[in-house]
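1. what's the 3D shape of this:
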Amino acid sequence: MHGCNDSVGARFIAPAYDTIAATSYELSEDRRNMNFIFDIGNVLINYKPLEYLEGLFSEHSLIERLNQAVFLSQEWVYLDLGIITYREACDSLCTREPDIEQDILSTMRNVHSMFTPITETVELLPEIKSSGHRLYYLSNIHKETRDYLLREYRFFDLFDGGVYSCDINIMKPSPEIYRYLMSSCKLNPDDCLFFDDVKENVIAASNEGIKGVLFTGAECVRPFLK
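-> Residues are numbered from 1 along each chain as shown. The predicted model follows:
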């Protein structure tokens, strides 16, 4: 796996997107070779913070508090944006919640254990490639998580490129990240299918001319291989 040309220096400015319904698309005979663009979290890799915390702690109130303090924190967003490190995030979180400092550190120390492959989707990737399509990723993700996934899971080698939010300091559903992907990877939106489990991200892609599909399971990908 490799990234696309990241020499695109411009930051794109666009008005907020309109709310439209996400829909599915049929491929015409002359558009069989498509660019399949995948989100990572809960599409290719499991991301379930509450289940993860339930495996570490037994007290419900602590689990809820840690979910709010860590996974729903501004620091978690900053990590996705690539503007702080894990160490800086931990320091900030512990300063704000000193009475649960050790629990925060334990949560952060073991966090990568929850990032396991979604087998049903991963098994489709070789079939997508062998059908003549190309694979790309577009993910809000931390630098440390990105590096962990690339070390652990060889299926990422199947991808032709893509964009991680932490590398360009832009997150979905900002229109700029979709435009950056199109420009840096030299893709035509008309030739792209984008799968994401978050409706707002799918809508944003659709507003950029990309065919957005709300991911509900691997079964929503297979029809596009016909």
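2. name the residues linked to the residue nearest to residue 47 when sequence neighbours are not counted by a beta bridge.
-> Spatial nearest neighbour of residue 47, excluding adjacent residues (C-beta to C-beta, 6 or more residues apart in numbering): residue 41 at 3.8 Å. For glycine as for every other residue, the C-beta is placed from the backbone atoms N, C-alpha and C. Bridge pairing for residue 41 (DSSP bridges) gives the partners residue 45.
3. surely residue 41 meets residue 139?
-> Yes. Between residue 41 and residue 139 there is a contact under C-beta atoms under 8 Å: 6.7 Å.
4. and these two? Which one has more around it.
-> Taking neighbours as other C-beta atoms under 10 Å, residue 41 and residue 139 compare with residue 139 leading, 26 against 18.
5. contacts only, for the more buried one.
-> 39, 40, 41, 146, 162, 163, 164, 165 (C-beta atoms under 8 Å, 6 or more residues apart in numbering).
6. residue 33: which of those is nearest?
-> Taking C-beta to C-beta as the measure, residue 33 lies nearest residue 162 of these, at 17.5 Å.
7. that's a strand at that closest one, yeah?
-> Yes. The assignment for residue 162 is a strand, going by DSSP: H, G, I helix; E, B strand; the rest coil.
8. what sits against it?
-> Here residue 162 is in contact with 3, 4, 37, 136, 137, 138, 139, 181, 185 (C-beta under 8 Å, 6+ apart).
9. I figured the last one was touching residue 4, is that so?
-> Yes. The pair residue 185 and residue 4 passes the contact test of C-beta under 8 Å, sitting 3.6 Å apart.
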